[in-house]
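Asks: Next one to model:
(one chain, ligands or ions: 1)
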Amino acid sequence: MFITLEGIEGSGKTTQIRHMVAFLSRKGQQCIVTREPGGTHIGEKIRSILLDTRNNAMEPLTELLLYMADRAQHVKKVICPSLEAGKTVICDRYFDATVVYQGYARGLDVGFIEQLHNIILDNLKPDLTFLLDLSPEIGLKRAWKAVTSGNRPLRETRFEGEKISFHRKVREGYLQLSLAEPDRFRVIDASKEEHQVRDDILKVLSV
Ligand code: TMP
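Replies: Numbering: from 1, shown residues only. Below is the predicted model:
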């Protein structure tokens, strides 16, 4: 089973993944937790380029191709082998993030992004995608709190530093994707308390 989590900055994906793994492991599933960008040795290097605040001069097309390079490596080296071995893969962001961030928010052509995905992914779609939805105002407040409390390096905040209008486009983009594929997406209200969000997610996983 291939499960992905999506959402704006500060939506609490990482915290909720911990709860999901605890729950699924109790049910006897062998879980692999991974993330994009990152998830492989090469991917972690690409991640540090992508998130580095000193790289503000990055062209949208450069950004897109770096996410694609990260994903190509990740799919081949981690996601496919793990699924073939019968494991449950829980991935913190996947291709929806590119459609939304580089497509809807940066303004690159979504058709072009989908063409690249057709080449890279060999049709590998998640079975289930949780969209942790909340307003950018709340999300960004939480995201910056994680930085000031030392849970996220200040140097890796290139996206947190984007204007609120950018984050609104990201949120709207995700909601549009969820409407287009209601069978795959579960939209979760991530403005609730951590334990309530957890319960809402585990309810879906229990079915
Ligand atoms: P993270 O902080 O949730 O790990 O994500 C890193 C950042 O990368 C986040 O701001 C969203 C952004 N991103 C994209 O812009 N496109 C993508 O394809 C992915 C996977 C992430």
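Asks: where along this protein do the strands fall?
Replies: Along the chain, counting by DSSP state E, strands occupy 2-7, 31-35, 88-92, 128-133, 185-189.
Asks: quick one: strands adjacent to the last one?
Replies: Paired strands of strand 185-189, with direction, are strand 128-133 (parallel) (DSSP bridges).
Asks: repeat for the first one
Replies: Strand 2-7 has these partner strands in its sheet, going by DSSP bridges: strand 88-92 (parallel), strand 128-133 (parallel).
Asks: that older thread, redo the strands of the chain as a markdown table? Include mean neighbour count, mean pLDDT and distance to Asn151.
Replies: C-beta: built from backbone N, CA, C; applies to glycine. What follows is the strands of the chain, written out as a markdown table (neighbours: other CB atoms under 10 Å; pLDDT from 0 to 100; distance: least, CB to CB, whole Å):
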| stretch | mean neighbour count | mean pLDDT | distance to Asn151 |
| --- | --- | --- | --- |
| strand 2-7 | 24 | 98 | 17 |
| strand 31-35 | 18 | 98 | 15 |
| strand 88-92 | 23 | 98 | 14 |
| strand 128-133 | 22 | 98 | 17 |
| strand 185-189 | 18 | 98 | 21 |
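Asks: In a markdown table: those, plus distance to the ligand.
Replies: Output for the strands of the chain, formatted as a markdown table (distance: least, CB to the nearest ligand atom, whole Å):
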| stretch | distance to the ligand |
| --- | --- |
| strand 2-7 | 8 |
| strand 31-35 | 6 |
| strand 88-92 | 6 |
| strand 128-133 | 10 |
| strand 185-189 | 16 |
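Asks: Next, format the ones you listed as a markdown table and append distance to Ser82.
Replies: A markdown table is the format used below for the strands of the chain (distance: least, CB to CB, whole Å):
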| stretch | distance to Ser82 |
| --- | --- |
| strand 2-7 | 9 |
| strand 31-35 | 5 |
| strand 88-92 | 5 |
| strand 128-133 | 16 |
| strand 185-189 | 22 |
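Asks: Once you drop chain neighbours, what's closest to Arg152?
Replies: Counting by CB to CB, 6 or more residues apart in numbering, Ala146 is the residue found nearest to Arg152 once chain neighbours are left out, at 4.6 Å.
Asks: ok, now Tyr67?
Replies: Nearest non-adjacent residue to Tyr67, counting by CB to CB, 6+ apart: Thr98, 5.2 Å away.
Asks: Hmm, that neighbour is touching Ala69, no?
Replies: No - Thr98 is beyond contact range of Ala69, at 11.7 Å (criterion: CB atoms under 8 Å).
Asks: For those two, work out which one has more neighbours and name it.
Replies: Per other CB atoms under 10 Å, whichever of Thr98 and Ala69 has more neighbours is Thr98, with 24 against 15.
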